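Colleague: Provide a 3D model corresponding to the input given below.
(one chain, ligands or ions: 1)
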Amino acid sequence: MGRIGVLVSGGGSNLQALIDAIEAGAISGEIGVVISNKPEAFALERAKKYGIPVEVIVYQDYDSRLDFTAAIVKCLLEYRIDLVCLAGFLRILDRLIVDAFPNRILNTHPALLPAFGGKGMYGHHVHQAVIDSGAKYSGATVHLVTAETDEGPIVAQGIVEVADDDTVTTLAAKVLEVEHRIYPEAVQLLLEEQLKIEGFRVRKVKKS
Ligand code: GRF
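Modeller: Down below sits the predicted model:
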């Protein structure tokens, strides 16, 4: 049974999608801990409702990004986590976590990477950039986390049409729905080890 650690900072709708998928038997794993850098994150309330242990690790309590990341890694190891899901987690982590969980960290990004990713591309900034670009489609990407922000191998994507009258709010809502569908799928693929990773390419391999 895979033990999943989920890192959150906000509302936790992606966490909820993972919880719902586990409850529905679509993910063969369990969430061992939810860690937030924000004590007030509503995601923590969602976890508590299902009796999932929660931990708060506040960035400002540490002298460096490295120390902050080390505290998170220590917590994940204490909870015997073997798959880490960043779900609305808004802090950049030191590469220490990638070394601790190689090819075992997923993140969801609200655009079609490699486009509209990287520095400053989070939350509404992403959707505003997509609308301003005139792109006709956007979507969501679930990718493996590497030392570079938003550059890991892509595990799953889903698309939405960018309508002429779309606003940041309406586009964000459409993209979030895609995230809630593809994130659980990506987690299950990783847990069932149905993925072959070659450079940036991730291919599904049939389980023998
Ligand atoms: C989502 O759009 C996700 O792509 C981004 O954070 C947003 C909110 O996530 N990383 P959640 O509702 O807190 O899961």
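Colleague: Closest residue of the protein to the ligand?
Modeller: G88 (2.5 Å; CB to the nearest ligand atom). From N, CA and C alone the C-beta is placed, and that goes for glycine too.
Colleague: And that residue, which helix or strand is it part of?
Modeller: Counting by DSSP states H and E, no helix or strand carries G88.
Colleague: Over to V130?
Modeller: Using DSSP H and E, V130 falls in helix 124-133.
Colleague: Pull the distance from that helix to the chain's centre.
Modeller: 20 Å (CA atoms, centre = their mean, to the nearest Å).
Colleague: which residues are in contact with the helix or strand that that helix is followed by?
Modeller: Per DSSP H and E, the first helix or strand lying C-terminal to helix 124-133 is strand 137-144. Strand 137-144 is touched from outside by 103, 105-113, 116-117, 127, 130, 150, 152-162, 171, 174-176, 178-179, 182-183, 185-186, 197, 202, with contacts defined as CB atoms under 8 Å, 6 or more residues apart in numbering.
Colleague: just stretch 75-83 next, same as before
Modeller: So stretch 75-83 is contacted by 2-5, 29, 32-33, 35, 53, 55, 57, 84, 100-101, 104-106, 187, 190-191 (CB under 8 Å, 6+ apart).
Colleague: And it, what's buried?
Modeller: C75, L76, Y79, I81, D82, L83 (16 or more other CB atoms under 10 Å).
Colleague: Pull up the distance across it, start to finish.
Modeller: 13 Å (CA to CA, to the nearest Å).
Colleague: Helix, strand or coil: sort out V6 for me.
Modeller: For V6, the assignment made with DSSP: H, G, I helix; E, B strand; the rest coil gives strand.
Colleague: how about the helix of greatest length in the chain: buried residues?
Modeller: If you go by DSSP state H, the chain has its longest helix at helix 168-191. Going by neighbour count (16+ other CB under 10 Å), the buried part of helix 168-191 is 168, 171-172, 174-176, 178-180, 182-191.
Colleague: same for the ligand: which of the residues you listed are within range?
Modeller: Counting by CB under 6 Å from any ligand atom, L176, E179 from the buried residues of helix 168-191 sit close to the ligand.
Colleague: quick one: the strands in this structure?
Modeller: 2-8, 29-36, 54-56, 83-86, 105-109, 137-144, 154-161, 195-198, 201-204 (DSSP state E).
Colleague: Pull up the pairing partners for the fifth one, direction included.
Modeller: This means strand 105-109. Strand pairing for strand 105-109, determined by DSSP bridges: strand 83-86 (parallel), strand 137-144 (antiparallel).
Colleague: hmm, the shortest one in reach of the ligand?
Modeller: Going back to what we said before, that points to strand 83-86. No: contact between strand 83-86 and the ligand is absent, the nearest approach being 7.1 Å (criterion: CB under 6 Å from any ligand atom).
Colleague: what separates that strand from the chain centre, distance-wise?
Modeller: Using CA atoms, centre = their mean, the distance between the centre of strand 83-86 and that of its chain works out at 7 Å.
Colleague: what's the answer for stretch 89-104, then?
Modeller: That offset, for stretch 89-104, works out to 12 Å (CA atoms, centre = their mean).
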